[in-house]
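Chemist: just a sequence and a predicted model for now, questions to come.
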Amino acid sequence: MFEKILIANRGEIALRIIRACREMGIQSVAVHSQADADSMHVSLADEAYCVGPARSVDSYLKIDQIIAAAEVGNVDAIHPGYGFLAENAHFNEVCRSSGFEFIGPSPQAMEKLGDKNTARSMAVASNVPVVPGSDGLIEDDKLALDIAREIGFPVLIKATAGGGGKGMRVAENESKLAAALNQARTEAQAAFGNGGVYLERYVGNPRHIEVQVIADQHGNVCHLFERDCSVQRRHQKLIEEAPSPNLPDDRRKEICDAAVRMIRGADYSNAGTVEFIVDEQDNFYFIEVNARIQVEHPVSEMITGVDLIKAQIRVAAGEKLPFCQDDIKCVGHAIECRINAENPDKNFQPNPGKITRLFTPGGLGVRFDSHVYGGYVVPPHYDSMIGKLIVHRPTRAEAIATMRRALEEMQVEGISTTAPFHDRVLQHPEFIEGRHDTKFVERAFVK
Ligand code: ADP
């Protein structure tokens with residue numbers, strides 16, 4: 001087992017990894033920007049190194065600085081968390097060639113899955129359903145029109161290098177196709193340096209359902225059931241839950257089995273998530289693989305009892321998974337609300353600043369994964385999430401009631417947060433009945 005791990009991240013996920021290390025008797029090394037010198041991850045880790053100025057491109061994304069910290073700290077492995085360099089195959093490769101184990105999949109698997117069009121072909125090869133669409137990248141507008149007519153409008157143009165909803169455009173009809181293709185290519189080229197796009201049928205009012213998978217380096221692959229992440233605003237997830245409401249059991253089994261086939265076919269080890277959209281008839285379609293731990297992993301931990309970060313560390317060190325699929329049971333219902341420093345009454349405008357007073361909720365079934373404390377100044381340089389409120393109760397109705405109570409109990413003064421917005425969602429009949437889809441927030445709350 002590793003003796004020392006560097007965490008190439010900040011915020012709550014850095015704390016989450018430090019906590020796992022501590023419980024496993026592994027030393028932890030934090031890296032931080034100048035703006036994060038007073039952060040909790042810096043004080044909780046066994047050692048910490050400053051890797052540059054506030055801007056992420058000058059610090060958390062600086063591969064040479066992070067490798068230098070790993071060398072000075074004399075670590076065995078590097079955990080990338082999520083965001084920043086987590087899905088950067090080059091960073092993964094550099095870690096390994098510098099003598100540090102990368103806690104994640106191989107650079108080869110990461111690279112292939114990071115290209116959405118390649119991932120789509122791999123899904124087809126593993127007999128995993130994909131949204132009807134083009135067979136490969138679309139270079140010719142005339143060919144695009146033929147394919148679009150065949151799959152039927154509206155169509156969705158997607159960037160093969162895409163992420164965070166960038167380079168994605170809907171074309172409602174034939175007359176809009178050429179312009180939409182152009183916009184998607186230009187946006188993708190600017191954002192990712194790769195203008196390659198492909199076409200998919202635009203699925204109306206889908207649910208977003210994703211399957212958590214963990215695989216070791218000995219060919220064992222298990223799923224930890226699925227999560228519903230349909231409460232989204234502008235493709236950003238706000239609330240996640242497990243298991244997903246209103247998914248028939250036979251469909252749940254099919255979707256989880258498909259995710260395992262996908263991961264097996266990609267020769268993938270470590271934690272990963274296979275994302276699907278599910279239409280109104282419960283047909284599911286692969287959209288992408290996230291080759292990292294995700295923000296919403298705690299809901300899967302709560303229903304299965306598996307510590308995903310420890311599992312990641314163990315399989316990266318070459319250990320076999322300590323369980324098989326039949327050992328994994330889904331118990332109760334878990335919900336996570338992302339608490340962001342944003343003002344929901346002002347179009348979710350980021351609201352960094354000093355937290356003058358903080359009271360965090362507790363009680364039976366409540367978990368709060370957060371790096372903030374009273375007096376902490378939320379810096380403006382990074383994403384606005386200040387914590388994740390997670391509840392786990394025997395039923396979905398009880399989980400909703402506990403979450404509402406916990407949200408009410410939480411007191412964050414000095415900045416606005418998304419907590420009041422979550423309470424409104426949890427009271428909405430569509431959410432309570434589990435009928436919501438990815439368009440729900442826009443439909444129900446955006447005027
Ligand atoms: P990104 O990596 O840029 O976030 P994804 O492929 O994960 O892109 O898609 C983001 C969101 O876009 C999904 O959660 C879903 O809501 C929507 N989406 C993706 N593909 C389709 C599709 N074919 N039809 C309708 N909506 C889609």
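Modeler: That came through, no problem. Since we're looking at a predicted model, the values are computed, not measured. Residues are numbered from 1 along each chain as shown.
Chemist: what sits up against the helix ranked longest in the chain?
Modeler: Selection of the longest helix in the chain by residue count, based on DSSP state H, yields helix 174-192. Helix 174-192 has contacts (CB atoms under 8 Å, 6 or more residues apart in numbering) with 138, 141, 144-145, 148-149, 153, 155, 157-163, 166-171, 194-197. Placement of C-beta: from N, CA and C, glycine included.
Chemist: ok, and of these, which contact the ligand?
Modeler: Under the cut-off given by CB under 6 Å from any ligand atom, the ligand has 162, 163, 168 from the contacts of helix 174-192 close to it.
Chemist: show me the beta-bridge partners of the residue nearest to the last one when sequence neighbours are not counted.
Modeler: I take that to be residue 168. Closest residue to residue 168 apart from its sequence neighbours, by CB to CB, 6 or more residues apart in numbering: residue 158 at 5.4 Å. Applying DSSP bridges to residue 158 gives these bridge partners: residue 198.
Chemist: which residues in the stretch 151-300 of the chain form helices?
Modeler: 174-192, 249-265, 297-304 (DSSP state H, counting those that start in this stretch).
Chemist: one step back: strands - which of the contacts of helix 174-192 land there?
Modeler: Judged by DSSP state E, those include 155, 157, 158, 159, 169, 170, 171, 197 as members of strands.
Chemist: could these be laid out in JSON lines, adding pLDDT?
Modeler: Shown next, in JSON lines, are the ones in strands among the contacts of helix 174-192 (pLDDT from 0 to 100):
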{"residue": "155", "pLDDT": "97"}
{"residue": "157", "pLDDT": "96"}
{"residue": "158", "pLDDT": "95"}
{"residue": "159", "pLDDT": "95"}
{"residue": "169", "pLDDT": "94"}
{"residue": "170", "pLDDT": "95"}
{"residue": "171", "pLDDT": "96"}
{"residue": "197", "pLDDT": "96"}
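Chemist: ok, so of the residues you listed, who is nearest the ligand?
Modeler: Distance to the ligand, by CB to the nearest ligand atom, is smallest for residue 158 among these, at 6.4 Å.
Chemist: quick one: residues contacting that closest one.
Modeler: Contacts of residue 158 by CB under 8 Å, 6+ apart are 116, 167, 168, 184, 197, 198, 199, 200.
Chemist: tally of neighbours for the closest residue to the ligand within the stretch 1-150 of the chain?
Modeler: Nearest to the ligand, among the residues of the stretch 1-150 of the chain, is residue 131, at 4.3 Å (CB to the nearest ligand atom). Per other CB atoms under 10 Å, the neighbour tally for residue 131 reads 23.
Chemist: report the separation between residue 201 and residue 160.
Modeler: Here residue 201 is placed at a distance of 17 Å from residue 160 (CB to CB, to the nearest Å).
Chemist: same question, residue 190
Modeler: 15 Å.
Chemist: when those two are compared, which one has more neighbours?
Modeler: Of the pair residue 190 and residue 160, residue 160 is the one with more neighbours under other CB under 10 Å, namely 22 against 11.
Chemist: my read: that one touches residue 195, true?
Modeler: No. Look at residue 160 against residue 195 with CB atoms under 8 Å: they stay out of range, at 9.0 Å.
Chemist: okay, the ones in strands among the contacts of helix 174-192 in TSV with distance to residue 372 next?
Modeler: Shown next, in TSV, are the ones in strands among the contacts of helix 174-192 (distance: CB to CB, whole Å):
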residue	distance to residue 372
155	43
157	39
158	35
159	34
169	37
170	37
171	42
197	39
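Chemist: which of those are buried, as a ChimeraX select command?
Modeler: The ChimeraX selection below is limited to those of the ones in strands among the contacts of helix 174-192 classed as buried (16 or more other CB atoms under 10 Å):
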select :155,157,158,159,169,171,197
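Chemist: that older thread, the longest helix of the chain near the ligand at all?
Modeler: No. Remark: helix 174-192 sits outside contact range of the ligand, by CB under 6 Å from any ligand atom, the gap being at least 10.0 Å.
Chemist: roughly how far is that helix from the heart of the chain?
Modeler: Centroid separation between helix 174-192 and its chain, computed with CA atoms, centre = their mean, to the nearest Å, is 25 Å.
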